[in-house]
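J.: got a predicted structure plus its sequence, pasted below:
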Amino acid sequence: MSEEIREPATVADVNSEVDFHDENLYVNRELSWIYFNQRVLEEALDGDAHPLLERVKFISIFSSNLDEYFMIRVAGIEDQYEAGIQDRTIDGYTPLEQLDRIRDMVTRQIIQRNDCFYNDLLPAMEKEGITFVRIEDLDGPQRETLRSYFRQEIYPVLTPLAFDTGHPFPFMSNLSLNLAIELEETDSGMKRFARVKVPSILPRMLPFSSIEGLGSDDGIIRFIWLEDLIRNNLDLLFPKMHIVRSHLFRLVRDADIEIEEDEAGDLLETIEEGIRSRRYGKVVRLDISPEMPESIRKLLMKNLQVTERNVYAIEGILGLGCLIDLLRVERPDLKDEPFVPAIPIEEQYGRNLFAAIRTRDQLLHHPYDSFQPVVDFIAQAAADPDVLSIKQTLYRVGSNSPIVEALMRAAESGKQVAVLVELKARFDEENNIVWARALEDVGAHVIYGLPGLKTHAKLTMVVRREYHKLRRYLHLGTGNYNPATGKIYTDYSLFTANDEIADDVAELFNSLTGYSRNTLYRKLIVSPISTRRRIIEMIEREVELHGRQGGGRIIMKMNALVDGRIIRSLYRASCAGVAIDLVIRGICCLKPGIRGVSENISVKSVIGRFLEHSRAYYFENGGTPEVYLGSADLMPRNLDHRVETLFPVLDSSIVADVKADLDLMLADNLKSWAMEADGTYVPVGEVGEPVNSQVAFLQQSTRKRALHKLK
C-alpha cells in the first residue's frame, strides 16, 4: 500500500512569483506543538475560564503533555543531533537550533505554570478547604502518627540503593521521582551517596483522611506529599548514618519503541520487549530542585549521560501531572457541572439499532451525543442470532472495555469475529496485548496489522442475515472505541448500511487480514493509498469551480496540519481566491494571512472543556457540498505510514448538520485562538454576540433530550 508522490498538476501557480517552498511560509512543527501546549496552560491561567479544580486539571494536562513531548519528539530530535544530521526542517531549523528554541520556550512555560499553581491555585484551594500540609507545621502527636504510618505502609515498599565502588549506579525508570541523598558515616565521617525512589505504586498525594488518627471533622481536606513523608523519615532507612541533605530529581526518558518488523518473528513478544526497554531509554530531561549542589548535579549528569541542555532546575513539586487525582475530591462545586448526553438513536427508534440504521444513516456527535449506542451496536450484534460475523479495528480501547467483552461473547457464541488490534498504539500497547490474548483465547481471529504501518482507522462491520439475504451494517468513526474518552473527546460516529461503503470496508478488511492488494475504493479515502492525492484533488477542484462560478469554500477541522504538499495546495487555492477556514487543535505548519499567499486562509484553535478530536473536511463543490469525516490528520505519518480512512457523508441533511457544527466552531469567540501570520496565537476576542461553541453544543444536546422526551 503506497501513494504516488507528486505535486498538484492540474492547478497552475496563480502567482508565479511566489516561491511556495520559501521557509518563511512555514511554522516549525515542534514549536507549533509548544504553542498548542501554551493554549492548554492558558486554560489554567484564566481565572474565569473554569471552576477551580478544572483549572488544576489543566495544569496536570499541560505537564503530562510536556512529558510525552520530550519522550517522543524531543528524543527524536536528540537522536538526529547526536547522529550528526544537519538537515533543515521545512522552516529552516537544524536539530540543534530546534533543541535550543525548545529549551528556551519550555523553561518560560514552566515558570509561568509554577507561578499559576503556587501563587494562584494553591491559595485558592486553601480558601476552599483543600490544603497541602508540611510536616514541620504539624504538632508532635501528628508527626508521630505520620511516622508510625510510614513504618507500616511505606517503609516496606522502599529500596534504598547505595552508589560507591561496590555498588553500581542504580537504574532509574522513565518518569521516576527520586531522592538523591547525601550521607555521612557517624563514626568515620566518610561521605556517601544513595538514591531512594518515590514509589509510583503509592498515592503521590496522601489524604489525611486515609491515615488513622489524622482524620478530622472540620471539613478541611488535607494532603501530604509522599516524597515529603519519605524525606522526613530517611533516618529509618539509614540507621547510624547522618542525613546531610536530600534532593528531589525526576527523569524523562526516550519512550519511542522502534520495531524492525521484518526481523520480528512474533510481534506480540517484540512489543512486550519494547515496553520493558522503554523504561530505560536514554534520558532526555532531568528535572532537579534548584537547591541541588553542583557536586550532586554533576554526579547525576555524568551517570545519566546528559548535558546541561537536558537539565531543568524547577522550583517546588516535580511532576505535576499527578494533580489530575485532585478531581477525585468530593467537591462538585469546584468542578464542571455534570451533563447527561443525548441518545438520539435509541430515543427515536428504541434499542433496535439495526432498524434505525436501515431507516437512514445516523450521525452522533460525541460527547454531546452519548457513546453508548456504539457500545450497544457491538453488544446487540454479539447477542443477535441473525448476526453471522463482526469485523472491527481496535486502536485504543482502555483497560475495562465493554466493546472487547462483547466481541468475546460473540466469538464464544460461534460468530465469526475478526479483530485488528493495533499493538503499536503508543502508550496503549500493554492494554492491547492483554485484549489481543483474551480475544485469541475465545477463538476470535486476531490480526496485528500490516508491516510498517499502524492501523489507525476506526471501522466496524456487522454481517446480518435478513429475509434470506445478507446485509452489512457499519460504524465508522473519527475516534477510538473507548467509552471513557468518548465522554471527554469530541468525535463523530456514522452508522450506515450503504452498500458501496460496505463494499469498500469489506475490501479494506480483506487487505488488513489477508493478501488482497486492492487500491481502488469507491467511496472511502484510504491511507497510505490515496488520502494526500484525493485531498489535493478536491482542493484543486474547488479552485477550478471557483474560477468558473465563484463561491469557493473549504473548511477543514483536524488535530494537526503538517504535510508540505497539502499546505502548498492550500496556498495556491488561497491565491486563487478560495475562502479557507481551518480549525486545528494542535500543530499547524501553515501560516495564514500572508499577503499574496494565504490572505484568504484563517486558522483557529478551540481549547475548552472537551478535547477537540474530530476530523471533518468540507468542500463547497460548486453548490453541491461534500463532507468527509475520519481518522486522518494531514500529517506525513497519517498519509504515508498509517492505515487511515476518510468516509463520505452521503445524507444531505447530515452534511448540513456537520456544516452547522463547523460554522458554530468558526463563530466561537470565547474559547478559540486565532493564528497570526508569524505562527503565534492570540485570543479571538469577544466581538458581537459571545459564542462558546462547546457550551452551545451542550445546550443543543439538552434541547435534543427534552424534545425526544416530549415525543
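T.: Cool, got the structure.
J.: pLDDT score assigned to the residue lying farthest from the centre of the chain?
T.: Computed with C-alpha atoms, centre = their mean, the residue of the chain farthest from its C-alpha average is Asp187, at 53.9 Å. For Asp187, the model assigns a pLDDT of 81.
J.: all numbers from here: first residue = 25
T.: Got it, first residue is 25 now, which makes that one Asp211.
J.: pretty sure Phe156 sits against Trp249.
T.: Yes: because the distance of 6.7 Å satisfies C-beta atoms under 8 Å, Phe156 is recorded as touching Trp249. For every residue, glycine as well, the C-beta is placed using N, CA and C.
J.: okay, these two: which has more neighbours?
T.: Under the neighbour definition other C-beta atoms under 10 Å, Phe156 and Trp249 were set side by side, and Trp249 has more, 19 against 14.
J.: does the more buried one touch Met229 like I think?
T.: Yes: using C-beta under 8 Å as the test, Trp249 is close enough to Met229 to be in contact (6.5 Å).
J.: got any residues that touch both of these two?
T.: Contact with both Trp249 and Met229 is made by residues Phe156, according to C-beta atoms under 8 Å, 6 or more residues apart in numbering.
J.: about what we covered before: show me whatever sits in contact with both of Phe156 and Trp249.
T.: Here Phe156 and Trp249 share the contacting residues Met229, scored by C-beta under 8 Å, 6+ apart.
J.: list the contacts for the residue nearest to Asn522 when sequence neighbours are not counted?
T.: Using C-beta to C-beta, 6 or more residues apart in numbering and skipping the chain neighbours, the partner closest in space to Asn522 is Leu674 (6.3 Å). For Leu674, the set of contacting residues under the criterion of C-beta under 8 Å, 6+ apart consists of 385, 520, 522, 525, 547.
J.: ok, these vs Lys695, which is closest?
T.: Within these, the smallest distance to Lys695 is 29.9 Å, found for Asp385 (C-beta to C-beta).
J.: quick revisit: tell me if the residue farthest from the centre of the chain really is in a strand.
T.: No: secondary structure of Asp211 (DSSP: H, G, I helix; E, B strand; the rest coil): coil, not part of a strand.
J.: give me the below-cutoff pLDDT ranges for the stretch 175-324 of the chain.
T.: 281-304 (pLDDT under 70).
J.: please enumerate the strands of it.
T.: 185-186, 201-209, 215-222, 229-231, 245-249, 265-277, 307-312 (DSSP state E, counting those that start in this stretch).
J.: out of those, deepest packed?
T.: Ranked by mean neighbour count, the strands of the stretch 175-324 of the chain are led by strand 307-312 with a mean of 22 (mean count of other C-beta atoms under 10 Å).
J.: just want the angle from that one to strand 201-209.
T.: Interaxial angle of strand 307-312 relative to strand 201-209 (axes from the mean of the first three to the mean of the last three C-alpha atoms, to 10 degrees): 60 degrees.
J.: parallel or antiparallel, list what pairs with strand 307-312.
T.: strand 265-277 (antiparallel), strand 335-337 (parallel) (DSSP bridges).
J.: now render those strands as JSON lines, adding distance to Tyr50.
T.: Shown next, in JSON lines, are these (distance: least, C-beta to C-beta, whole Å):
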{"stretch": "strand 265-277", "distance to Tyr50": "28"}
{"stretch": "strand 335-337", "distance to Tyr50": "28"}
